[in-house]
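1. I'll drop the sequence and a predicted model, then ask my questions.
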Amino acid sequence: MLDRDKYLSQEEGKRLLEYCEGQALRDLERGKTYWPRRYMVVDFLLNTGCRATETRHLKCENMTLSAREPCVSVTGKGGRRRTIPVSTKLAKHMKQYLKWKELLGESVAPEAYFFVNRLGRAYTLMGIQQLFKKCCRDCGLRPVYSIHSKRHAYGFATFQKPKNIRLTQTLLGHRRLGTTEVYTHVDPAEVVETVNSLW
């Protein structure tokens, strides 16, 4: 079972996204680029469960943002490729972000990195990690959260909806089911709700 300090709750995830979106809108009005970039990274991380390395290596050619079945393809641990479906909301944000990048004169060619810093360079692993930590800190979340916390949050969220461990395993790209089983622990609130709803 994962320690509670290892993952964001759904409320904390929503709070983080709302905060980043608000900051991004303020920066856009001022002609700044920091928060629109941060918001896109955080939105992507929370809504795909991708590892930091998978995120930093994402290229424009790895995305299919069509209305029918939007998805991204990433290369995970051991060089294994996997396709991750994305929500229509995230796909819309990614399309808007691509247009914004074009307006800034940044490349959106197939081989171009999707996430780049203000200098037009692909983020380093440390850069992505620090970006996520800063967003959490600025939002007022507890300082215990690392970038991997959002992956755990995604794991819990994807398991809690349909209670399908194989689905969560596939989405996270785990080779062994045992790795994914950490997300199947019983939520104490669920226990209380179940007991209170008996008979």
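-> Happy to help now that I have it.

2. what residues does the host helix or strand of residue 46 touch?
-> For residue 46, the host element (DSSP states H and E) is helix 34-48. Residues from elsewhere that reach helix 34-48, judged by CB atoms under 8 Å, 6 or more residues apart in numbering: 8, 13, 16-17, 20-21, 23-24, 26-28, 50, 52, 55, 58, 72, 84, 86-87, 89-90, 93-94, 97, 100, 115-118, 123, 128, 131-132, 134-135, 147, 150-151, 153-154. From N, CA and C alone the C-beta is placed, and that goes for glycine too.

3. And residue 103, how far from residue 36?
-> 11 Å (CB to CB, to the nearest Å).

4. Neighbour count for these two, which is higher?
-> Taking other CB atoms under 10 Å, residue 103 and residue 36 do not tie; residue 36 has more neighbours (22 against 8).

5. so what's the backbone phi/psi at the spatially closest residue to that one that is not a sequence neighbour?
-> Computed as CB to CB, 6 or more residues apart in numbering, the closest residue to residue 36 that is not its neighbour in sequence is residue 24, at 4.5 Å. Residue 24 has phi and psi values of phi -60, psi -40 when expressed as degrees, to the nearest 10.

6. residue contacts, residue 24?
-> With CB under 8 Å, 6+ apart, residue 24 has these contacts: 35-36, 38-40.

7. Just the pLDDT for it.
-> Looking at residue 24, its pLDDT stands at 98.

8. So which residues make contact with the helix or strand hosting residue 135?
-> If you go by DSSP H and E, residue 135 is part of helix 125-139. With contact meaning CB under 8 Å, 6+ apart, helix 125-139 is reached by 15-16, 19-20, 23, 38, 41-42, 45, 52-53, 55-56, 115, 117, 123, 142-143, 145-147, 150.

9. And it, what's buried?
-> 127-129, 131-133, 135-136, 139 (16 or more other CB atoms under 10 Å).

10. for stretch 45-54, same thing?
-> By 16+ other CB under 10 Å, the buried positions in stretch 45-54 come out as 45-52, 54.

11. where exactly do the strands run in the chain?
-> 63-64, 71-75, 81-85 (DSSP state E).

12. would you list every one of the helices in the protein?
-> Assigned by DSSP state H, the chain shows helices spanning 10-30, 34-48, 52-56, 88-103, 125-139, 147-160, 165-172, 177-180, 188-196.
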